[in-house]
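In: the sequence and its predicted three-dimensional model are supplied below.
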Amino acid sequence: MTIIFPIDRVDDLRKQAREARKVNMDGPDGWCISEVDPTDLLKVFRTLRLKDGFVLRSHQYREDGNGDGLVWAMPVDAPLLDPGNGWSGRRRLHPHALRPAEALSNLMDVIQGDGTPWSHLEASLFAREIDDFGVFWQGSPKESDVILGADPFCTGQQRAIVGQTPDWDGWRWSEPKPTSWEPSFQQASETVTITFYTYRRVGRENIFRTVDTFRLGQYAFETESMKVAVGPEESTP
């Protein structure tokens with residue numbers, strides 16, 4: 001069984017998620033307990049919820065207009081270290097020292113869904129958005145890769161991203177160009193997969209195919225991302 005997800009719905013969900021994970025970029029340098037509750041981000045993904053007895057908590061780091069975040073999945077009664085004023089200013093406290101002893105190694109192990117195909121796509125997107133929680137560079141939030149929903153040249157999406165004339169000339173593909181670009185759900189026996197294509201521009205334009213694999217009924221997943229196309233020339237991000 002294969003189900004295709006409309007890219008407009010995917011884009012709208014990601015937009016809501018980016019809004020929900022916004023943090024205050026101004027503040028003292030160093031680590032602190034985040035003033036933004038990562039559970040607010042989870043609430044955007046309406047088919048997902050936390051398993052009973054667990055909570056999401058986070059630390060925030062700021063330095064010279066840049067930021068980083070750490071989100072922990074932990075029992076509700078477990079303590080979260082407050083770095084306090086003694087750790088303001090520079091990375092004197094290693095992030096590993098902030099890790100609660102009871103924190104799970106994989107945050108997605110505390111996520112449950114309603115079992116629908118859309119819930120597995122939401123899990124894929126949530127895992128990536130929570131990974132970017134609290135991250136910003138020189139006053140701008142980190143933006144994830146652009147998820148494609150159609151041939152970006154035919155739709156003008158690539159032009160909108162980088163302002164270049166749409167043209168596949170000069171691109172090198174390691175596999176046939178997709179005939180269907182939209183994110184999709186597949187189920188075979190006890191395995192569920194979510195597949196999508198992303199555009200990334202880091203020095204050079206690239207397109208990746210990502211496949212997230214779930215065991216049926218679970219929302220932690222394994223992911224594989226393969227670069228399938230490389231743009232024709234180097235460019236400055």
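Out: Here it is on my side, so go on. Residues are numbered from 1 along each chain as shown.
In: mind listing the strands for this structure?
Out: In the chain, strands defined by DSSP state E lie at 2-4, 30-33, 48-50, 54-63, 66-75, 111-113, 136-137, 140-141, 146-147, 172-173, 184-188, 191-202, 204-215, 221-234, listed in chain order.
In: for the ones you listed, which has the smallest mean pLDDT value?
Out: In terms of average pLDDT, strand 140-141 trails the rest of the strands of the chain, at a mean of 62.
In: quick check, central residue of the chain?
Out: residue 128 (1.6 Å; C-alpha atoms, centre = their mean).
In: ok, which of the strands of the chain comes nearest residue 14?
Out: Set against residue 14 and scored by C-beta to C-beta, the strands of the chain come closest in strand 146-147, at 7.3 Å. Bear in mind the C-beta positions are built from the backbone N, C-alpha and C, glycine included.
In: can you check the pLDDT for the residue nearest to the centre of the chain?
Out: Reading off the per-residue confidence, residue 128 sits at a pLDDT of 96.
In: now do the one 10 residues further on
Out: Reading off the confidence values, residue 138 has pLDDT 71.
In: that one is in contact with residue 63, isn't it?
Out: No - counting by C-beta atoms under 8 Å, no contact exists between residue 138 and residue 63, whose distance comes to 11.2 Å.
In: more neighbours: these two, which one.
Out: residue 63 (14 against 9; other C-beta atoms under 10 Å).
In: quick check: the nearest residue to residue 24 once chain neighbours are set aside vs residue 57, distance?
Out: Distances taken as C-beta to C-beta, 6 or more residues apart in numbering place residue 35 nearest to residue 24, at 6.4 Å, with adjacent residues excluded. Counting by C-beta to C-beta, to the nearest Å, the gap from residue 35 to residue 57 is 12 Å.
In: ok, the two, which is more surrounded?
Out: The residue with more neighbours, out of residue 35 and residue 57, is residue 57; 20 against 10, by other C-beta under 10 Å.
In: before we move on, the earlier item: let me know which of the strands of the chain is the nearest to residue 12.
Out: Shortest distance between residue 12 and these, using C-beta to C-beta, is found for strand 146-147: 11.8 Å.
In: elements contacting that closest one?
Out: Contact analysis of strand 146-147 by 3 or more C-beta pairs under 8 Å, 6 or more residues apart in numbering; DSSP states H and E lists helix 7-20, strand 191-202 as its packing neighbours.
In: now do the domain split for the chain, please.
Out: For the chain, automatic domain parsing gives the domain ranges 2-137, 146-234.
In: distance from the shortest one to the middle of the chain?
Out: Meaning domain 146-234. Here domain 146-234 is found 15 Å from its chain centre; the criterion is C-alpha atoms, centre = their mean, to the nearest Å.
In: give the contact list for residue 95.
Out: Applying C-beta atoms under 8 Å, 6 or more residues apart in numbering to residue 95 gives the contacts 31, 59, 61, 68, 70.
In: one more time with 7 Å
Out: If you count contacts by C-beta atoms under 7 Å, 6 or more residues apart in numbering, residue 95 has them with residue 70.
In: same thing with the one 3 residues further on?
Out: Residue 98 is in contact with 31, 59, 70, 81, 83, counting by C-beta under 7 Å, 6+ apart.
In: residue 59 is in contact with the third one, correct?
Out: Spelled out, it's residue 70. Yes - using C-beta atoms under 7 Å, residue 70 makes contact with residue 59 at a distance of 4.6 Å.
In: so between the two, which is more surrounded?
Out: Using other C-beta under 10 Å, the more surrounded residue of residue 70 and residue 59 is residue 59, with 22 against 19.
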